[in-house]
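In: predicted model, plus sequence, below.
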Amino acid sequence: MTPQENQEIIAGTVVEFFEAKQVLCGVCLASKNQRMNILTEQNKEINLARSRLIHVGSHPLSLQLSRDEQVKRLGTITALRKSLMEQVKVEEIWSLLESEEEAYDAREMAEFVFTDSITENHIAAVQRVLLLDRIYFQFKDGKFVPRTADKVEARNLEIVKEEEREARLDEGSAWLQAAWTRKGKPPLYEHQDSLIEDLKSFCLYGQESPVQVFVKELFRRASIPPQQQSAFRLLVRLGIWHENENLYLHEENITPDFPKEVEDLAGRLATSEDACRWSEGERRDLRHLHAFTIDSSLTRDYDDALSIDTLEDGLFQVGVHIADAAHFVTRDDPLDREAEARASSIYLPDGKISMLPSSLSEDLCSLKADRDRLAISFLMKIDAEGALHGQEIALSVVKIREQLTYEEVNERVRQEPFLRTLHDLAVKLRDRRLAQGAIILPLPEIQVYVNAVGMIQVSRYEKETPSQIMVSEWMIAANALAATYLSEREIPAIFRSQAECKQETDFTQSDHELFHVYRRRRLFARAELDTKPHMHCSLALPAYTTVTSPIRRCSDLIIQRQLKHALATGSPLYTEDELRQLITKMGTVQSKIFYIQRKWTRYWILKYMEQEDYHTINTLVLDQNDRFAHLLIPEFLMETNVLLPENTRLQPGEMIKVKVERLNPREDLLRVQL
C-alpha cells in the first residue's frame, strides 16, 4: 500500500498511514533516506518508513504554524475525510464494476462516487473505505480490483470464520486465564469442549499439533507460557486429567474401554449357559488332574496351568494346560478384530489394559480355581533325567485345584513332592538346552506397583527362583511342542527365531555379574518373526512359537486357532500371506506397547526416587566416551548418562556413586553428576 515511488515528500506534506488497524493522518516534519519524522493527529511524533504510507497529499501545511495549530489542522482534515467516507457505498460501487476485469486507482474510484470536483480529500476518503473493506475489492499494485461474485461469497464466509475465531480467542483466553490463576471455577461457555480437545492436542503433539498456532495465541492473550507443559497443567487444574496422567496412552489413542459391540458380544458369551459345554469325545476330560496356576498375587487373567502325574516305568506325565480362548473368540468376529488392533494386554504400574474384555479375560476364558474350563493341553512323558518319551496335544477340559503365587511355590517346593518333581524336571530340561548351546542370561525383574492412592512400591524379583524356572521351562517346552507339530506338517505359523549370537571380544574384568550379563545381552541378535521356522539361538531350539498366552497376546491366540484347525483337519486356517500381514500389523502396535510400558515404568521409578528423596545412587559403569559415561542403576535396572569432567576416565564394570542433580518424572529427566 505504498504511494507512487516518484512522488516527492517534503516537509509539511500531509500523509496517511495505518497504525493499530486504523488510518491516521499526519504531517511530515522531515524526510531522509526513505524514513520520515511524522507529527500525527494525536499530537505524537513518530519515525515512519515511506513504505507504510497509504496516501500522500499535494497541498502541504505551512511549517510556520505552531505545533498545536498543525495538530488542529490535521484534525480538521480527518473530520472532513470521515464525513466524506459516509457517502462511499462499497457494495454499490462493486455492483457497477463486478463484471469488469480492469483495476482502478483511488482517483478513478472517487469519480464513481462524487459528482462535484474531486479533491485529494475525496480520493483519501474513498481509499480509506476501500482499504478497510475486506470483501468486495482487492488492493493490488496500488489499484483496486473488484472481486467476482463467487469470491465475494467466499470472502464473506472467511470473515465470518475469522470473527468466530477472534471471539473464541477472546472468550477462550479469559476462560483459561481464570483456570490458570485459580480465580474460582471458570464459568461454562459455548466452545469449552472444543477448547479442551485443542489443549489435549497441543499438550501431546506440540509443534506437530494442527491447532498449535491457535493455542499459542490463546496462551499469549491469557499471559500463559506457550508450552506443552502449560497445557498439561491447565488440563489438570480443570479436572480433565490427573497429575499422573499417562500421556503415552493418549498419544497412541489407547484406552481401556472397549467398543459397545465388543462388550455386548463378550457379555453374551459370558452369560450363555452353553458357553463351556462340549460334546462327548470332543475333548479329553482332565478334571481329575491336580492342575494349578503360578502367577503374581495381582493376576486375574490366568491363561496357563501345570500338572504332573506319575506313570509306570518311572515316567512322569507333565501337563501344560492353556486356556482355549480361541473357542470363544472366533476369527474375524468383533472380539478378534479388537484383539488384533490391541495386539496384547498392556501391564503398567498403575493399571492394566486388557486385550479382551474382563468378562472373558478374567472370567470365562480364565483358568479360575474350581471351575470347569476349556483348554488345550500339552502332555509330555518324561523320565527322571529330563528325556522325552512321548508328547501330544489335546483339546481338554480341566479344573484348577490351586492358584499359587511365585512366592508360595518357592516356599513349598521342597515340602510338596509334586512341586519338587516339576522343578527338578524343569532344571533337567534347561540343562539339556544348555548342553545344546542355549544361552541363559537372566536379569532380575523390577516390578513397580502403584496403589489407588498413589503410593509406589518397587520390588526386585530374581528370575532364578524355583518358581520362575519351573514356569519358564515348561512354557518353553509347550511352545516348542506347538512349533514342532506345525513345522513337521509344513503348516505356516508365527515362528520366532534368533540368529546366532555374536562372540564376546571385550573381556573387561568386573566383580559385578550384572555388568557381564548386560554386556553379553548386547551381543544377542534381534528376535525375528516369520511364517517358516528357523533356529532360535539363545533357546537352542530349531523351531519355536508362542501359544501359551492367548488371553494376553493376539499372536498366541492366532497360533492357538492355527493349531486347533491343524489338529482337527490337518490343514492351516491362516495362509502364509495372511500371517505375514498380521505379523506386520501387530508388530507395529507391539512396538508402541513396549515403548509405553518402558517409558511409563520409568516415569513411576523416577516418581519413586522423588518420593523417597534420593540424593545419591549407586551406579554401574557400562561404557564411556570422551564426554559421557553410560551408567546402569542396578536398584531399578534403569540406564542414564553422566557428563564427565575433562580428563576423567572411569573403568567399565566398576560401581560408582553419583549425585542426583535434577529429577523431573513428567519430563523424563534424571540428571546426575559425579
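Out: Structure's in. What do you need?
In: every contact and neighbour count from this point should use C-alpha atoms.
Out: Noted.
In: run through who's touching the longest strand along the chain.
Out: For the chain, the longest strand by residue count, based on DSSP state E, is strand 388-405. Strand 388-405 is contacted from outside by 282-297, 305, 321, 367-383, 481-482, using C-alpha atoms under 8 Å, 6 or more residues apart in numbering.
In: of these, which belong to helices?
Out: Applying DSSP state H to those, the entries found in helices are 481-482.
In: now do whatever helix or strand residue 168 lives in, average pLDDT.
Out: Using DSSP states H and E, residue 168 sits within helix 149-180. Averaging pLDDT along helix 149-180 gives 90.
In: what's the following helix or strand after that helix?
Out: Immediately after helix 149-180, counting by DSSP H and E, sits helix 192-205.
In: just checking, what packs against that following helix?
Out: With contacts defined as 3 or more C-alpha pairs under 8 Å, 6 or more residues apart in numbering; DSSP states H and E, the packing partners of helix 192-205 are helix 212-221, helix 228-237, helix 247-251.
In: quick one: buried residues of the helix holding residue 168?
Out: Residues 152, 155, 168-169, 171-180 are the ones in helix 149-180 that count as buried (16 or more other C-alpha atoms under 10 Å).
In: one step back: so how do I select the buried members of the contacts of strand 388-405 in ChimeraX?
Out: In ChimeraX syntax, the buried subset of these is picked out as below (16+ other C-alpha under 10 Å):
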select :284,285,286,287,289,290,291,292,293,294,295,305,321,367,368,369,371,372,373,374,375,376,377,378,379,380,381,382,383,481,482
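In: so which of the contacts of strand 388-405 sit within strands?
Out: 284-285, 291-295, 305, 321, 372-382.
In: re the thing from before, distance from the longest strand of the chain to the middle of the chain?
Out: 39 Å (C-alpha atoms, centre = their mean, to the nearest Å).
In: now do the buried residues in the following helix or strand past it.
Out: Following strand 388-405 in sequence order, the next helix or strand is helix 406-412 (DSSP H and E). In terms of neighbour count (16+ other C-alpha under 10 Å), helix 406-412 has its buried residues at 406-407, 409.
In: repeat for stretch 618-627
Out: By neighbour count on 16+ other C-alpha under 10 Å, the buried set for stretch 618-627 is 619-624.
In: specify the angle between the helix or strand where residue 559 lies and strand 388-405 in degrees.
Out: Using DSSP H and E, residue 559 falls within helix 554-569. Orientation check (axes from the mean of the first three to the mean of the last three C-alpha atoms, to 10 degrees): helix 554-569 against strand 388-405 gives 140 degrees.
In: tilt between helix 554-569 and strand 372-382?
Out: 80 degrees.
In: now do residue 197 against residue 383, distance only.
Out: 63 Å (C-alpha to C-alpha, to the nearest Å).
In: correction: the previous question concerned residue 195.
Out: For residue 195, the distance to residue 383 (C-alpha to C-alpha) stands at 68 Å.
In: again, but for residue 425
Out: Going from residue 425 to residue 383 by C-alpha to C-alpha gives 8 Å.
In: the residue nearest to residue 440 when sequence neighbours are not counted: helix or strand, and which one exactly?
Out: Spatially, and ignoring its direct neighbours in sequence, residue 440 is nearest to residue 538 (7.0 Å; C-alpha to C-alpha, 6 or more residues apart in numbering). Using DSSP H and E, residue 538 maps to neither a helix nor a strand.
In: check residue 614 too.
Out: Residue 614 belongs to no helix or strand when assigned by DSSP H and E.
In: now do residue 336
Out: Secondary structure from DSSP H and E places residue 336 in helix 334-342.
In: mind giving me the packing neighbours of the following helix or strand past that helix?
Out: Downstream of helix 334-342, the first helix or strand assigned by DSSP H and E is strand 346-348. Strand 346-348 sits against strand 351-353, helix 576-611, with contacts defined as 3+ C-alpha pairs under 8 Å, 6+ apart.
In: can you give the strand pairings for strand 346-348, parallel or anti for each?
Out: strand 351-353 (antiparallel) (DSSP bridges).
In: how far off centre is the strand it pairs with?
Out: The answer for strand 351-353 is 16 Å, by C-alpha atoms, centre = their mean.
In: and the next helix or strand past it?
Out: The helix or strand immediately downstream of strand 351-353 is helix 358-359, counting by DSSP H and E.
In: ok now that following helix, how far from the chain's centre?
Out: The answer for helix 358-359 is 26 Å, by C-alpha atoms, centre = their mean.
In: which elements pack onto that helix?
Out: If you count contacts as 3+ C-alpha pairs under 8 Å, 6+ apart, helix 358-359 packs onto helix 260-271.
In: just give me the closest of the buried residues of stretch 618-627 to residue 497.
Out: residue 622 (27.7 Å; C-alpha to C-alpha).
In: show me what contacts the one residue sitting closest to the centre of the chain?
Out: Nearest residue to the geometric centre of the chain (C-alpha atoms, centre = their mean): residue 251, 2.7 Å. Residues counted as contacts of residue 251 (C-alpha under 8 Å, 6+ apart) are 204-205.
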